[in-house]
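Peer 1: just to be clear, the model below is a prediction. Sequence and coordinates:
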Amino acid sequence: MLLALAARLWPLLMTRWLVVSAGLLVLAGTTFGVVVVWVWPRSLSRLARVFDSRFTLAERLTTAIEIEDGRLRTTRRMARAQLADSLRVAGGVDLRWKMPLRASRRALLTLSILALGLTLTLWLPNPQEDVLLRRIAIKTAVEEQIEELEAVREQVAESRGLTEAEQDMLLRTLEEVIEALDEGRATPEEGVIALSEAEQVLAELQDPGAAAVEDGLEQAAEGMADSEMTRDIAEALRNADYEAAARALAVYGGTKGEALTRREELELAQELAEAAEALAEEDPELAEQLTTAADAIEQGDIVTAQEAIREAAREMGEAGERVERQEAVEGTLAQLQEGREEIARAGST
């Protein structure tokens, strides 16, 4: 009853756990009471006096014990007769009538009042339960965000598009946020502040032009996909494997390998020109190298074309790193924003 009352003043336990606790406490109390009564030491002399009084045995049992203990001296014949008489009279006692199992009215009344009070206390709505539910929601939201941020941290650690300084900044920021959330499971206010501060730090790494570069590379991939000469490049760009695309392009800038026919050279020049047109606004430097390579091929200047292709492959790799870097930053920011909203929502329920 005291536990149930305390739970209505302070957010201690949910009602279902209070019911379980009440049941366990009642069981423990009953067991303790029975065990204590059963094992509590009682002298044989005291029991004899109690039974003599309850069963109106005229102190027969007390006398028999005193004779047995030597406290009362008598002849053996008298002792045997007294013991036989005590056993005969005690054997004829009706225990159910002389010592019925019953509880006092005061005890029953007290038990009834406490049982009714406990039932009402557990049945009536408890305002502290809303506080507990809010705490549980906050704790769950914080734990989920910690798991999500740890997954993002692993992705950032494996990202190839980030420079070492940028990667260190992202990892350090994520580590600080995770520690802030994990210390005693932060309050909603603390969690929102920590995530907001991390968002401000990461906002400085955003590259607004990276999305346009990604669109340009996708358009270039669509144009290159219709030719056997550049299909590998297009496939790699579609899969966002910019390093593989750069390697596939660099093949045509090498001095070793099987020479291309004039028809193949012109086909390659056309594909490079179309790719340059798709990237003209999004990545002018890459588009310029592709245009230079296409023009050189058409003019038969293979050496200049190869040099321009090698430079274009380098530019394409850097463009891919730029896109991957922005994706890593955007993914981290998105997770931070989602976490901030989830924690704020949990704190407002």
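Peer 2: Perfect, I can see it now.
Peer 1: what about this protein, any weak spots by pLDDT?
Peer 2: 161, 183-186, 255-258, 349 (pLDDT under 70).
Peer 1: max-length helix in it?
Peer 2: Assignment by DSSP state H gives helix 302-348 as the longest helix of the chain.
Peer 1: contact partners for the closest residue to Glu342 other than its chain neighbours?
Peer 2: For Glu342, ignoring the flanking residues on the chain, the nearest one in space by Cβ to Cβ, 6 or more residues apart in numbering is Ala141 at 4.8 Å. C-beta coordinates here come from the backbone N, C-alpha and C atoms, glycine included. Taking Cβ atoms under 8 Å, 6 or more residues apart in numbering, we find Ala141 in contact with 339, 342-343, 345-346.
Peer 1: quick revisit: gap between the longest helix of the chain and the chain center?
Peer 2: Relative to its chain's centre, helix 302-348 lies at 28 Å (Cα atoms, centre = their mean, to the nearest Å).
Peer 1: any idea how the protein splits into domains?
Peer 2: Using automatic domain parsing, the domain ranges for the chain come out as 2-127, 130-349.
Peer 1: point out the most buried one among these.
Peer 2: Comparing those by mean neighbour count (mean count of other Cβ atoms under 10 Å), domain 130-349 ranks first with a mean of 18.
Peer 1: point to the residue nearest the middle of the protein.
Peer 2: For the chain, the residue nearest the mean C-alpha position is Glu143 (4.0 Å; Cα atoms, centre = their mean).
Peer 1: secondary structure element holding it?
Peer 2: Here Glu143 is covered by helix 127-158, with elements defined by DSSP states H and E.
Peer 1: gap between that helix and the chain center?
Peer 2: 6 Å.
Peer 1: that helix to helix 302-348, inter-axis angle?
Peer 2: In terms of direction (axes from the mean of the first three to the mean of the last three Cα atoms, to 10 degrees), helix 127-158 departs from helix 302-348 by 170 degrees.
Peer 1: residues contacting the next helix-or-strand element following helix 127-158, please?
Peer 2: Toward the C-terminal end, the helix or strand that comes next after helix 127-158 (DSSP H and E) is helix 164-182. With contact meaning Cβ under 8 Å, 6+ apart, helix 164-182 is reached by 142, 145-146, 149-150, 152-153, 156-157, 159, 162, 186, 190-191, 194-195, 198, 201-202, 205, 325, 328-329, 332, 336.
Peer 1: right, and Ala328 touches Arg153 too?
Peer 2: No: Ala328 lies out of contact with Arg153 (Cβ atoms under 8 Å); the separation is 11.0 Å.
Peer 1: now do the helices in the stretch 151-300 of the chain.
Peer 2: 164-182, 188-203, 210-224, 231-238, 242-250, 262-278, 284-298 (DSSP state H, counting those that start in this stretch).
Peer 1: which other helices and strands does the fourth one contact?
Peer 2: Packed against helix 231-238, as judged by 3 or more Cβ pairs under 8 Å, 6 or more residues apart in numbering; DSSP states H and E, are the following elements: helix 210-224, helix 242-250.
Peer 1: the second one now?
Peer 2: Helices and strands touching helix 188-203, by 3+ Cβ pairs under 8 Å, 6+ apart, are helix 127-158, helix 164-182, helix 302-348.
Peer 1: need those helices in JSON lines with distance to Ala81, can you?
Peer 2: Putting these into JSON lines (distance: least, Cβ to Cβ, whole Å) gives the following:
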{"stretch": "helix 127-158", "distance to Ala81": "72"}
{"stretch": "helix 164-182", "distance to Ala81": "85"}
{"stretch": "helix 302-348", "distance to Ala81": "86"}
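Peer 1: without its sequence neighbours, what residue ends up closest to Thr63?
Peer 2: Nearest non-adjacent residue to Thr63 (Cβ to Cβ, 6+ apart): Gln82, at 6.2 Å.
Peer 1: for that neighbour, give its distance to Glu59.
Peer 2: Using Cβ to Cβ, to the nearest Å, Gln82 is found at 11 Å from Glu59.
Peer 1: and what of Ala225?
Peer 2: 115 Å.
Peer 1: quick check on Glu282: phi, psi?
Peer 2: phi -80, psi -40 (degrees, to the nearest 10).
Peer 1: now do the contacts for it.
Peer 2: Per Cβ under 8 Å, 6+ apart, neighbours of Glu282: 209, 212-213, 215-217.
Peer 1: let's go with 10 Å and repeat that
Peer 2: 209-220, 319 (Cβ atoms under 10 Å, 6 or more residues apart in numbering).
Peer 1: quick check, nearest of those residues to Leu108?
Peer 2: Ala211 (78.8 Å; Cβ to Cβ).
Peer 1: is that closest one in contact with Arg325, as I believe?
Peer 2: No: the pair Ala211 / Arg325 is not scored as a contact, 12.0 Å apart, by Cβ atoms under 10 Å.
Peer 1: find residues that contact each of the two.
Peer 2: Both Ala211 and Arg325 lack any common contact, where contact means Cβ under 10 Å, 6+ apart.
Peer 1: from the rest of the structure, what touches the helix or strand hosting Gly33?
Peer 2: Assigned by DSSP H and E, Gly33 belongs to helix 15-39. Outside of helix 15-39, the residues within contact range by Cβ under 10 Å, 6+ apart are 1-4, 6-8, 12-14, 115, 118-119, 121-126, 128-129, 132.
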